[in-house]
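>>> sequence plus the predicted model coming up.
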Amino acid sequence: MRAIRTALRGGLAGRRVQALAIGLVLLASAAASQLAAGLLAASNAPFDHAFAAQHGADAALTVNAAKASAGEAAATARLSGVTAAAGPFAEATVTVSAAIPDTPGVVFQAFTLVGRSSPDGPVDDIVLTAGHWPTRTGQVVVSRDLADTGSGASMSPGTVITLTGVPGSPKLTVVGVGVSVTNTADGWVLPAEMTALGSPPDGQMLYRFASAGSGAAVNAGVAAVRRALPAGAVLGAESWLAVKAQENQSILPWVPFLVTFGVIGLVMSVLIEVNVVSGAVTAGTRRIGVLKSVGFTPAQVVWVYVLQVAVPGVIGVAGGAVIANLLAAPVLGQTSQVFEVAPQSIPLWVDLVVPLAMLALAGIAALVPASRAGRLSATAAIATGRAPRPSHGYAAHRLLGRALPLPRPVTLGLAGPFARPGRTLVTLAAILFGAVAVTFGTGLGASLNRVGTDMALAGTGHVQIGLAGQSGQQPSPGQPSAAVQQAEMAAVIRTQPGTLHYVTQSDDRSGVTGMAGTASVTAFAGDASWIGYALISGHWYGTGGAVVNTSFLHATAKRTGDTFTLTDDGRAVTLKIAGEVFLPGNDPQILTNLSSVEALDPSGASPQMFYVALRPGVNAQSYQNAVFAKLGPGDYHQLGSGSGVLLQIISGLVLILTLLLVIVAGLGVLNTVVLMTRERVHDLDVLKSVGMTPRQTITMVVTTVAATGLIAGLIAVPAGIALHHAILPIMGNGAQTGFPPAIYNVYSPAELVLLALTGLLIAVASALAPATWAARARTATALRTE
Amino acid sequence: MDALVQLSDVTKRYDDGKSPAVAHVTVEVGPGESVALMGPSGSGKSTLLNLIAGLDRPSSGTVRVGDQEISKLSETGAARFRRRQVGIIFQFFNLLDDMTVADNVLLPAQLAGVSAARARARLDELLASLRIEQHRNAYPARLSGGERQRVAIARALVNRPPLLLADEPTGALDSATGAEIGELLLDLNSSGQTLILVTHDPALAARYARRVIRIMDGQIAAAVAPA
């Protein structure tokens, strides 16, 4: 044992650079794999995990305070089958306008305000993602779902909201942003605030039931509560299953890309770790021979080398765990926003299992070559360890030295990978994964950007102004009627300098023959082809035609070119599907000309939205400001993409994850080059002794991995594009949509050339530092020994 | 006669803080001379050779070869100096195992940017004169010690350096082969090649060098004695 300790101490002290390399690669691999595993864990049923962690409500009931007292409502907590309950909390639905700088007219027509004294409780913990819980009246915590207004602006602490529908229009200051996993409210205030609202508020009761795994079970629980309260006391009930279905619809599109990054991260970490650790032990073969020659048994040799890896390895994985958890805060914070759940962290089991697994992997990676070397005779081990196995790379040296008209340091470098083909392949794989991540991430970022543009109809730079009546909303109390607002808006737009032309939009819902439920029908009074709706297939509609979204095609089993019949109150209109339009979501949607569907509504549909095309050179924001300044009071509001903030978050996440993977790939290359220069220190000294300059040394060392990087980059481009084209449809399926060709075709020729050089860049950038060290190192005593 | 190699009050101290490896050495070697640096192991003779070759820098003092002050050269300057001004022969040959004999010999010429045709012509000339032509395409591992050392000598001479440095050139060879290599060095010197030889073998020094410098504990221990 003492001999093992002595050999171990000597091995670590004598190979400090190698120990540092092993520690570093384990640090990077452990951090990357832990983060990747955390990402995978976060992407696995995020709603269910958040629901459990935040004690989500199986059912949220609104109880009419006029029919059931607070005591009666509270008593339902003791019903059989109810395992936990909270409430009654005063609840009111109000109209809110928010004063957000540069975003006028943000109005929420049905804002659910709840009075709670604290965010905690037996059911439905509210997790604060910003600010604090109200400490006095006049303060409100808004739901994170609502904090992102959809206009690209956010309600952050400090924003003032006005309860426009409440007498006196009280103002509340946003002091926090919170997340309720079951979306039980849009805002929370102290209970005392609710009494100031005038009309007696209703009560919100939140329940967890002994059995809530199915709709029937939840309904049974709700029915029991209904029975326990006076007739008609329960105004409404929302099941957690409905919320889950809705949330999962938002979550599903984003899971595939997070899983992709997670898997790439894990595979890269494993490859790099095995490569560096086994390489480090193989480099010690000569020393193993020396140890054997002085009496070490094969088992003792294995112990020495496994421990030699384990010592820096333990330090590395411990550091990696710390780094992973530090990085997890921003990364998983963003995934939580994507998944619309409370901020996530790396699960404890990942914190424990992944570092141990990486350490075990390092042990195995050391064990195999150490066992092999341990079985060799002492002289064979010394001979084997002196240089790469005979014949490997010799032909490459010969051919490259003579065939290519390149400087000798370059051909020497190019021949380098052939000396250790196994290691070269693993290095190639590590760079390849990094470069694939870059190609995939770049494409995904561009596609998401395009999705954002298409969904916001922002491609044509027009202005959208919505009116009351949109989506069935009624004008706020005290505001002019919808018809007055519409007429006023039309008059202002017609006379506003800068208006090129405009088209109005009317929305309604109609039945479709052969389809359950109703479809959304959007009818334009005029040519709307310029607005910017992206087509997945087919063409924009003409007279008697329509374009429909993917959800509609799925629901009706129709295809482009087919006809369908819209029905409303016994009237029917048949339209031909001219194309498939990009409108994600599971709501079947139809876009058509108003004249084509007039027969459904002889009284005439009233417009709810104006799309205004601007004259060249007119600034959209200035135009909007001018229009709003001319308009009288009303529920006018500018519109933007509801998914804009989310897409920004996703794009940021793609960038962070891509960078992380590139760094891991780069560290893998760096360690491989460190290992290689250590192994070839004798050859480097010989080359220096015959006149190789530092610059030539750097060129040679960098070239050793440059070709590998270039090849990896060239393979990575088609692989990354293939991955992009494979993952996008899966994401589209989650969002119940196909994608227009433009969302796939995001790689320009210039980008492809740059992406093809990614592998080369990763390799060169990572090899530069060790190459410089190798060039600067003084010619060692290695020249005097054999 | 101007000296080709001039060491003036050269001291080399390593980082470990012990006594200097070389202390206050002043030596001159003229063009065409054959000088043996002789002394026991650890006396500092190889350190001295490394300083002359520009493989190492003195802690103090100056080292000049021709009109260049080696001790002041940058790493790049030292490498360029080694390419053109010196050829080095090591005890253990220091050939690159993954290159053929021809590639090993050509390497300094290629690094120096010598044209392929000129380098090939010089290669042919050296392989013929050193009688290793038949091993042109062989790998060093397949050669005997003497053949390897001939390859190392060919590599050292490929750029026609004015100075040849040999660090225990026969130390890894049997006595017959060692004598053969010694004769070869002697022939080279006879043809005008300046030679500085490091050895701990008095007989070798006496036989192949025209001047012997004895070194002990990093200092010149004995007066320069003509052979």
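Happy to help now that I have it.

>>> helices and strands around whichever strand or helix holds residue A:508, which ones?
If you go by DSSP states H and E, residue A:508 is part of strand A:499-512. On a contact count with 3 or more C-beta pairs under 8 Å, 6 or more residues apart in numbering or on different chains; DSSP states H and E, strand A:499-512 meets helix A:482-495, strand A:515-524, helix A:550-556, strand A:563-568, strand A:609-614. The C-beta positions use only the backbone N, C-alpha and C, and glycine is treated the same way.

>>> so where do the helices sit in the stretch 651-786 of chain A?
A:681-689, A:694-734, A:741-744, A:749-756, A:758-776 (DSSP state H, counting those that start in this stretch).

>>> a markdown table for those, including mean neighbour count, mean pLDDT and distance to chain B?
Shown next, in a markdown table, are those (neighbours: other C-beta atoms under 10 Å in any protein chain shown; pLDDT from 0 to 100; distance: least, C-beta to the nearest C-beta, whole Å):
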| stretch | mean neighbour count | mean pLDDT | distance to chain B |
| --- | --- | --- | --- |
| helix A:681-689 | 22 | 87 | 5 |
| helix A:694-734 | 21 | 91 | 5 |
| helix A:741-744 | 17 | 89 | 47 |
| helix A:749-756 | 14 | 93 | 30 |
| helix A:758-776 | 22 | 90 | 7 |
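
>>> how about the ones you listed, which one is nearest residue B:190?
helix A:681-689 (25.7 Å; C-beta to C-beta).

>>> using CSV, write out the CA atom coordinates for that closest one.
Taking Å, rounded to 0.1, in the frame of the first residue of the first chain, the C-alpha atoms of helix A:681-689 are listed here in CSV:
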residue,chain,number,x,y,z
VAL,A,681,7.6,16.3,-25.9
HIS,A,682,10.6,14.4,-27.0
ASP,A,683,9.8,14.8,-30.7
LEU,A,684,9.0,18.4,-30.2
ASP,A,685,12.4,18.9,-28.6
VAL,A,686,14.1,17.1,-31.5
LEU,A,687,12.3,19.3,-34.0
LYS,A,688,13.3,22.4,-32.1
SER,A,689,16.9,21.2,-31.9
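
>>> what about that helix, distance to the chain center?
Mean-position distance between helix A:681-689 and its chain equals 49 Å (C-alpha atoms, centre = their mean, to the nearest Å).

>>> with stretch A:417-431 instead?
Distance of stretch A:417-431 from the chain centroid (C-alpha atoms, centre = their mean) equals 32 Å.

>>> same check, this time on stretch A:412-431
34 Å.

>>> okay, now that stretch: how far is its last residue from its first?
21 Å (C-alpha to C-alpha, to the nearest Å).

>>> how about the helices of the stretch 651-786 of chain A, which one is nearest residue A:29?
Per C-beta to C-beta, nearest to residue A:29 of the helices of the stretch 651-786 of chain A: helix A:758-776, 14.7 Å.

>>> how far off helix A:694-734 does the closest one point, in degrees?
Put simply, helix A:758-776 runs at 150 degrees to helix A:694-734, going by axes from the mean of the first three to the mean of the last three C-alpha atoms, to 10 degrees.

>>> just to revisit the earlier point, want to try CSV for the helices and strands packed on strand A:499-512, with mean pLDDT and mean neighbour count as columns?
Putting the helices and strands packed on strand A:499-512 into CSV (pLDDT from 0 to 100; neighbours: other C-beta atoms under 10 Å in any protein chain shown) gives the following:
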stretch, mean pLDDT, mean neighbour count
helix A:482-495, 81, 16
strand A:515-524, 86, 19
helix A:550-556, 90, 20
strand A:563-568, 89, 17
strand A:609-614, 86, 21
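
>>> export the ones you listed as CSV, with columns for distance to residue A:534.
Output for the helices and strands packed on strand A:499-512, formatted as CSV (distance: least, C-beta to C-beta, whole Å):
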stretch, distance to residue A:534
helix A:482-495, 25
strand A:515-524, 15
helix A:550-556, 12
strand A:563-568, 21
strand A:609-614, 15
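
>>> do I have it right that residue A:86 meets residue A:184?
No - taking contacts as C-beta atoms under 8 Å, residue A:86 lies outside contact range of residue A:184: 9.4 Å.

>>> got any residues that touch both of the two?
Both residue A:86 and residue A:184 are contacted by A:57, A:124, A:206, under the criterion C-beta atoms under 8 Å, 6 or more residues apart in numbering or on different chains.

>>> okay, now residue A:497: neighbour count?
Number of residues near residue A:497 (other C-beta atoms under 10 Å in any protein chain shown) recorded here: 8.

>>> sorry, back to before: nearest to chain B, out of the helices and strands packed on strand A:499-512?
Among those, helix A:550-556 comes nearest to chain B, with 59.7 Å by C-beta to the nearest C-beta.

>>> can you give me the helices in chain B?
With helices called from DSSP state H, chain B shows them at B:45-53, B:75-85, B:101-111, B:116-129, B:145-157, B:175-190, B:202-208.

>>> out of those helices, flag the one nearest residue B:31.
helix B:175-190 (11.1 Å).

>>> contacts for the closest one?
B:32, B:34, B:130, B:144-146, B:149-150, B:153, B:157, B:164, B:166, B:169-170, B:173, B:195, B:197, B:204, B:207-208, B:210.

>>> so among those, which ones count as buried?
Among the contacts of helix B:175-190, those buried by neighbour count (16 or more other C-beta atoms under 10 Å in any protein chain shown) are B:32, B:34, B:130, B:145-146, B:149-150, B:153, B:157, B:164, B:166, B:169-170, B:173, B:195, B:197, B:204, B:208.

>>> can you tell me which helix or strand of chain A has the lowest average pLDDT?
Within chain A, no helix or strand scores below strand A:637-638, which has a mean of 56 by mean pLDDT, DSSP states H and E.

>>> I misspoke; the intended subject was chain B.
Bottom-ranked secondary element of chain B by mean pLDDT, DSSP H and E: strand B:225-226, a mean of 48.

>>> now residue A:69: how far from residue A:772?
79 Å (C-beta to C-beta, to the nearest Å).

>>> and what of residue A:316?
Taking C-beta to C-beta, one finds residue A:316 at 23 Å from residue A:772.

>>> and the strands in the stretch 251-400 of chain A, which stretches?
Along the stretch 251-400 of chain A, no segments are classed as strands by DSSP state E, counting those that start in this stretch.

>>> what ranges do the helices span in it?
A:255-283, A:285-293, A:298-339, A:348-375, A:378-386, A:394-403.

>>> now for the ones you listed, which one comes closest to residue A:558?
helix A:255-283 (27.0 Å).

>>> wondering if that closest one reaches chain B at all.
No - against chain B, helix A:255-283 shows no contacts by C-beta under 8 Å from any C-beta of the partner chain, the least distance being 15.8 Å.
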